[in-house]
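Q: return a 3D structure for these sequence lines:
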Amino acid sequence: MRLVTLGIFVVLLSLFAACAPPAEEVVSSTMEVADQLGRVVKLDKIPERIISLSPSNTEILFALGLADKVVGVTEYCDYPEAAKTIDKIGGFSTVDLERVVALSPDLVLATEIHEARIIPKLKAMGLTVFALDPKTLGEVLESIALVGEVTGKGEEASQLVAEMRSRIKVVTDKTDNMPEAQRPRVFYITWHDPLMTPGAETRHNELIRMAGGTNIARDLSGYAAISLEAVIEANPQVIIAGVGMGSGEDLTFRYVETKPRLKSVDACINHKVYKIDVDLAGRPGPRITDALEQLAEFIHPELFKKD
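A: Numbering: from 1, shown residues only. Below you'll find the predicted structure:
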């Protein structure tokens, strides 16, 4: 009789386990994932306490539904609004290592800027560090997938990447085969004193191209200084000013609007001077698709003008 009772108990226990809701995804054994610096990072479990060392990393974590696990961010992590309430661990490049350790993270999400000095120190302290370094739009999507993989949010990351790819395709379906003659000359101004602009091998240059424009600074390398004379000679048909840097002022836009020598370029003559939140294209995170859509609307309003 006792054996029968025990058997019934085992059956009931099995049925209860089968009906129980699925537990949060866990790592059953050590997981090894290569980050975007080429480092192989080992994780023994899904992280429960995460520190972000850059605004773009913070935006990715929030977009994947990990807000409740983020215990530390930089002073510049201001999006979404809830990120402003999280404990601060210093600046982007001025990380307070003692504060990081005090928050007891089981994952620190870093970037390329931390590779030489910060990451080695964090590793020496026994912390797990995973770094992102997306240079292209494709690598931005890859970085989101990687964060999903190491945080147990792979499904959410796949869905987000799919949505972003779909939005990108809406733009590129109209611009990929666009001949050069139909691509307006674009001047993107990142700062005014000195005059700075994105050249080749930058996400801004890639976004301008994908949005159907031609970057007048494409022969420059990286984020570079450009003379006012060179801008005037290139005669941009569209000027886009990144605003919100530092104190949040629109100094770059005002520079274009008030500089007498720029009055002769086509963009100013035809009133095609626009401003865009510098964080949209500047941060390699989920909002980069917003940047692409805005740039496309500025450069080709006849194709992308919103209703």
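
Q: ranges for the helices of the chain?
A: 2-19, 55-63, 97-102, 118-124, 137-151, 154-175, 203-210, 228-234, 251-258, 266-269, 278-282, 288-299, 301-304 (DSSP state H).

Q: out of those, which one sits most buried?
A: helix 55-63 (a mean of 25; mean count of other CB atoms under 10 Å). Heads up, the C-betas are built off the backbone N, CA and C, glycines and all.

Q: which of the helices of the chain sits closest to Gly90?
A: helix 97-102 (6.6 Å; CB to CB).

Q: could you give the average pLDDT over the closest one?
A: Average pLDDT, helix 97-102: 96.

Q: again, but for stretch 49-59
A: 98.

Q: for stretch 193-209, same thing?
A: 96.

Q: please apply the same query to stretch 132-151.
A: Rounded mean pLDDT across stretch 132-151 is 97.

Q: could I get the helices of the chain in CSV, plus columns for distance to Leu220?
A: Below are the helices of the chain laid out as CSV (distance: least, CB to CB, whole Å):
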stretch, distance to Leu220
helix 2-19, 62
helix 55-63, 24
helix 97-102, 36
helix 118-124, 29
helix 137-151, 20
helix 154-175, 22
helix 203-210, 9
helix 228-234, 9
helix 251-258, 17
helix 266-269, 19
helix 278-282, 17
helix 288-299, 18
helix 301-304, 27
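
Q: for Gln36, which of those helices is the nearest?
A: That would be helix 137-151 among the helices of the chain, by CB to CB, at 6.2 Å.

Q: CA-only coordinates of the closest one, as CSV, when you get a sec.
A: The C-alpha trace of helix 137-151 is given here as CSV (Å, rounded to 0.1, in the frame of the first residue of the first chain):
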residue,chain,number,x,y,z
LEU,A,137,24.6,49.8,-38.9
GLY,A,138,24.9,46.0,-39.4
GLU,A,139,27.2,45.8,-36.4
VAL,A,140,24.7,47.8,-34.3
LEU,A,141,22.1,45.1,-35.1
GLU,A,142,24.8,42.5,-34.2
SER,A,143,25.5,44.2,-30.9
ILE,A,144,21.8,44.1,-29.9
ALA,A,145,21.7,40.3,-30.7
LEU,A,146,24.9,39.8,-28.6
VAL,A,147,23.4,41.6,-25.6
GLY,A,148,20.3,39.4,-25.9
GLU,A,149,22.4,36.3,-26.0
VAL,A,150,24.4,37.1,-22.9
THR,A,151,21.5,38.3,-20.9
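
Q: tell me what it is packed against?
A: strand 31-34, helix 55-63, strand 107-111, strand 129-132, helix 154-175, helix 203-210, helix 288-299 (3 or more CB pairs under 8 Å, 6 or more residues apart in numbering; DSSP states H and E).

Q: export these as JSON lines, with columns for distance to Ala234.
A: Shown next, in JSON lines, are the helices and strands packed on helix 137-151 (distance: least, CB to CB, whole Å):
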{"stretch": "strand 31-34", "distance to Ala234": "41"}
{"stretch": "helix 55-63", "distance to Ala234": "30"}
{"stretch": "strand 107-111", "distance to Ala234": "32"}
{"stretch": "strand 129-132", "distance to Ala234": "34"}
{"stretch": "helix 154-175", "distance to Ala234": "21"}
{"stretch": "helix 203-210", "distance to Ala234": "13"}
{"stretch": "helix 288-299", "distance to Ala234": "15"}
